[in-house]
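Peer 1: heads up, no residue letters with this:
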């Protein structure tokens, strides 16, 4: 019986395991399906990681390495090349590997840190042929940065998510011609700094409110795409066709938390995030099962993943040290405040706060549903404003963070509070 | 000199090869693509039909019901996943209920077993997510679901193990009648055979015309589909048809044997039989029609669109028969062609015998096929398999839980794949919700390693579908 099994050895899992160790847990196991730790960071060879966490600019592998080094001084155990096939709310973990075969492990607590996957062409029904040369941006990134192969020479990118933007620059640096970045929405889905550094600096045009309406193949490979401007209800406007001769289409059209294990275990999922519903300490609806990182909600910055995961790891340690399931059974039921999404708010994480569990303050992450200029974010309990935060601008592509202090939380009288974004 | 040359290795050519390979015959199968089941067989509704659709008295009706009855035993012996989940033809009005009764009557005439007419309430009991306006349905418990490409592959592999020679990338360009045999010209040289079987799908009209006057015209007809994530599979427990109309059997909603949900098709005449692109209009049509059957369908959970082609002709019947001396057509095979395939194969053997072909049964022919599928094993069996070969413990495709061992087995099978989609058709890698985003690079690496070739040579699918263009950095020698 492990104290803690962490599922996933990417940035979330690494930070959670380390935090749990620091809090005093000793039997910690990380189960990682890949052949090395670090997760998707290993293919993110650009810099810009760690500005918040380490106050310096690191590449993805360097950022991962910081955590791997921290763990190397601990006795945290790692199973690589090992796939988790299932988990239960009773905290059993079924795993399979070439080295050890099939086995069932059990733990006093679990941290879910499986990350996310990319939305594919199939999710967005792009008309046209189905040839080679259509990649999700992350898959292309893996081929390019980890395997050392170019996937194309003339590229159109659909979607302006951060991976797509990073790949626009990366492909350009490797000698490809990136013809366009095409975004369905009237605003970019990625970080502003990436729009500037990865598109504008390289004269790559960004077509907002446009999409690909046809893909044509010649002899099995992409040869041409049609891009059209979108009118009302996102209907393509006749006459707005822009034609591109290209051999490659990269898709950066969203990320989906990988929660198949979570769902199969019967843990409650928030349809807005596609991640588990979590409390203030990242605990899911299953006691002793915590979740953190992109498996809960898609983050823009790994620094925030690390911070959130450290909270999850620390909470898992606290749960185990307080006696695990038996200890939890002795605890009185804590009053729960549910966070309701008001106008302009896409989701919040956590979705629920047990005020008595909060020592100093509760972190609250959210995304807005549209662009905001000068604006204010309010947390209200009925008519009473519990907290308000000014913002000079907000965009759906940028995750927002606010802190609710213990004093503010103590003023809540109802079972729900509403988070709202308003133009100032 | 071959005894029999089969043109085309879709499910029809493959099933014919399988039956013929049970006899002492030298068989060659000529396939223009780089793998088997690359035409109609790879993209259709994946249904084993009960047999109430074809007009009574037709060959189509007879072969459909006979093929259906053969499927279960064949799938068991060839390790092909098949599930007899039954089908419902839904009626949304009393008018459509008349059609349902007509189908029932036809089914009785065709010998379809165990059909029932169900009233609305009973249908909703069987299918809780169905449109509340359904007034009744034809229930046919003998209908089932299958992976068509695996069915074809199983037939073809078994034929190859019995000695049939499969020539991939071999396109027939002309057929010449010689004295007592046919000389078949291809891009890969000539093949001589005493008997020829035309199983060329949408190209069967062209092959027929190489030896005989045209008796039918292939009118290619495209159907578009959605494949939905496994989380949508609970929307339907049976194959849910709507009443057939001039557009064919209409849009269906059905579980797949892989645990997904398939939705489609539309029906659209196209001029180019190779053009299986998706269209905005086609996909919108499918969505609208499917939502009529199951209003709760969530198309945000779509994981793939695809389109297939039907080898329709001007006739309401398969074009099966002797086209010229010692030359038979298995042509114009549209729905229910997949279902009928094993029966068509038996019929083909009889036709060839009728032409004078001597068929001496082979001693101990291979009639079974085994495929180890790790996720289907019990826990102790998994460990036993991994002890034997640790690669059965390394999961490569995380969505479908496919291991490196299974991929390596497939690459060294009687018909080795040369593409990611070839591996996909054999073991299911990339079939899942990430559509190969994660496993694609790993499968590509394994394919290149096992085939001892450069990764640049590995294809996505058919000829020319290169995935990688070049190395980024030149190798630095030590």
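Peer 2: Cool, the structure landed. Being a predicted model, the structure only gives us computed values, none of them experimental.

Peer 1: from here on, contacts and neighbour counts on C-alpha atoms
Peer 2: Noted.

Peer 1: Tell me, how many residues neighbour the closest residue to residue A:336 other than its chain neighbours?
Peer 2: Sequence neighbours aside, residue A:354 is the residue nearest to residue A:336 in space, at 4.6 Å (criterion: CA to CA, 6 or more residues apart in numbering or on different chains). For residue A:354, the neighbour count with other CA atoms under 10 Å in any protein chain shown is 17.

Peer 1: Around chain B, which positions in the stretch 201-350 of chain A sit nearby?
Peer 2: Counting by CA under 8 Å from any CA of the partner chain, the residues of the stretch 201-350 of chain A close to chain B are A:213, A:219-221.

Peer 1: What is the nearest of these to residue B:338?
Peer 2: Top of the list for closeness to residue B:338, among these and by CA to CA, is residue A:220 at 26.0 Å.

Peer 1: Not counting sequence-adjacent ones, nearest residue to the closest one?
Peer 2: Nearest non-adjacent residue to residue A:220, counting by CA to CA, 6+ apart: residue B:465, 4.1 Å away.

Peer 1: beta partners for residue B:177?
Peer 2: residue B:182 (DSSP bridges).

Peer 1: Residue A:10 versus residue B:429, what's the distance?
Peer 2: 23 Å (CA to CA, to the nearest Å).

Peer 1: Kindly report the same for residue B:46.
Peer 2: Computed as CA to CA, the residue B:46 to residue A:10 distance reads 39 Å.

Peer 1: quick one, which of these two is more surrounded?
Peer 2: Using other CA under 10 Å, the more surrounded residue of residue B:46 and residue A:10 is residue A:10, with 26 against 21.

Peer 1: My understanding was that the more buried one contacts residue A:40; is that so?
Peer 2: Yes - if you go by CA atoms under 8 Å, residue A:10 and residue A:40 touch, sitting 6.7 Å apart.

Peer 1: State the phi and psi torsions of the nearest residue to residue A:319 once chain neighbours are set aside.
Peer 2: Among residues not flanking residue A:319 along the chain, residue A:288 sits closest, at 6.6 Å (CA to CA, 6+ apart). Per-residue torsions, residue A:288: phi 80, psi 0 (degrees, to the nearest 10).

Peer 1: What does the pLDDT read for residue A:288?
Peer 2: With respect to pLDDT, residue A:288 scores 96.

Peer 1: Low-confidence regions, the stretch 51-200 of chain B specifically.
Peer 2: Within the stretch 51-200 of chain B, no range satisfies pLDDT under 70.

Peer 1: how about the helices of it, start to end?
Peer 2: Ranges of helices in the stretch 51-200 of chain B, per DSSP state H, counting those that start in this stretch, are B:59-78, B:94-110, B:120-126, B:148-161.

Peer 1: Likewise for the stretch 301-424 of chain A?
Peer 2: Going by DSSP H, counting those that start in this stretch, the stretch 301-424 of chain A shows helices at A:302-321, A:324-330, A:406-410.

Peer 1: Need those helices in TSV (columns: mean pLDDT and mean neighbour count).
Peer 2: Shown next, in TSV, are the helices of the stretch 301-424 of chain A (pLDDT from 0 to 100; neighbours: other CA atoms under 10 Å in any protein chain shown):
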stretch	mean pLDDT	mean neighbour count
helix A:302-321	97	24
helix A:324-330	77	13
helix A:406-410	95	15
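
Peer 1: Throw those helices into TSV and include distance to residue B:250, thanks.
Peer 2: Output for those, formatted as TSV (distance: least, CA to CA, whole Å):
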stretch	distance to residue B:250
helix A:302-321	48
helix A:324-330	54
helix A:406-410	57
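
Peer 1: nearest to residue B:403, of these?
Peer 2: With CA to CA, the closest approach to residue B:403 among these belongs to helix A:302-321: 30.2 Å.

Peer 1: Tell me which residues are up against stretch B:82-89.
Peer 2: B:50, B:72, B:75, B:100, B:137-147, B:237-243, B:257 (CA atoms under 8 Å, 6 or more residues apart in numbering or on different chains).

Peer 1: Any residues of the stretch 251-400 of chain B in contact with chain A? List them.
Peer 2: So far as CA under 8 Å from any CA goes, the stretch 251-400 of chain B lies against chain A at B:276-280, B:283, B:299-306, B:379, B:382-383, B:386-387, B:390-395, B:398.

Peer 1: mind listing which of the residues you listed are in strands?
Peer 2: Counting by DSSP state E, the part of these found in strands is B:302-306, B:395.

Peer 1: In PyMOL, how would I select just the buried ones from these?
Peer 2: Selection command for PyMOL covering only the buried members of these, criterion 16 or more other CA atoms under 10 Å in any protein chain shown:
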select buried, chain B and resi 302+303+304+305+306+395
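
Peer 1: Test of understanding: give the bridge partners of residue B:27.
Peer 2: Where residue B:27 sits in a bridge, its partners, by DSSP bridges, are residue B:4.

Peer 1: ok, it - contacts?
Peer 2: Here residue B:27 is in contact with B:2-6, B:17, B:20-21, B:163-165 (criterion: CA under 8 Å, 6+ apart).

Peer 1: Could you do residue A:302 as well?
Peer 2: A:11, A:49-50.

Peer 1: what's the spacing between it and chain B?
Peer 2: 20 Å (CA to the nearest CA, to the nearest Å).

Peer 1: Could you name the specific helix or strand carrying the closest residue to residue B:166 other than its chain neighbours?
Peer 2: Excluding its sequence neighbours, the residue lying closest to residue B:166 (CA to CA, 6+ apart) is residue B:29, at 4.8 Å. Using DSSP states H and E, residue B:29 maps to strand B:27-30.

Peer 1: Report the distance from that strand to the chain centre.
Peer 2: 19 Å (CA atoms, centre = their mean, to the nearest Å).

Peer 1: Tell me who's in contact with the residue of the stretch 151-300 of chain B found nearest chain A.
Peer 2: Using CA to the nearest CA, the single residue of the stretch 151-300 of chain B nearest to chain A is residue B:277, 4.3 Å away. By CA under 8 Å, 6+ apart, residue B:277 lies in contact with A:127-130, B:306-307.

Peer 1: Next, count neighbours for residue B:8.
Peer 2: The tally of other residues near residue B:8 (other CA under 10 Å) stands at 31.

Peer 1: That one reaches residue B:202, doesn't it?
Peer 2: No - Residue B:8 lies out of contact with residue B:202 (CA under 8 Å); the separation is 10.0 Å.

Peer 1: State the phi and psi torsions of residue 38.
Peer 2: Using chain A. According to degrees, to the nearest 10, residue A:38 has phi 120, psi -20.

Peer 1: please go with chain B instead
Peer 2: Torsion angles, degrees, to the nearest 10, at residue B:38: phi -100, psi -10.

Peer 1: What confidence value was assigned to the closest residue in space to it that isn't next to it in sequence?
Peer 2: Spatial nearest neighbour of residue B:38, excluding adjacent residues (CA to CA, 6+ apart): residue B:10 at 6.7 Å. In this model, residue B:10 is scored at 98, pLDDT.

Peer 1: what's the domain layout of chain A?
Peer 2: Following the assignment in automatic domain parsing, chain A carries domains at A:1-118+A:254-331, A:120-253, A:333-424.

Peer 1: Report the separation between residue B:295 and residue B:288.
Peer 2: The gap separating residue B:295 from residue B:288 is 9 Å, by CA to CA.

Peer 1: Identify the residues contacting residue B:436.
Peer 2: Residue B:436 neighbours (CA under 8 Å, 6+ apart): B:397, B:429-430.

Peer 1: Pick the one among those closest to chain A.
Peer 2: residue B:397 (10.2 Å).

Peer 1: Need the mean per-residue confidence for the helix or strand harbouring residue A:216.
Peer 2: Assigned by DSSP H and E, residue A:216 falls within strand A:210-218. Taken as a whole, strand A:210-218 has a mean pLDDT of 98.

Peer 1: And the helix or strand following that strand, what does it pack against?
Peer 2: Scanning forward in sequence from strand A:210-218 by DSSP H and E, the next helix or strand is strand A:221-229. Here strand A:221-229 touches strand A:210-218, strand A:242-245, strand A:248-251, going by 3 or more CA pairs under 8 Å, 6 or more residues apart in numbering or on different chains; DSSP states H and E.

Peer 1: Please consider this matter closed, and thank you.
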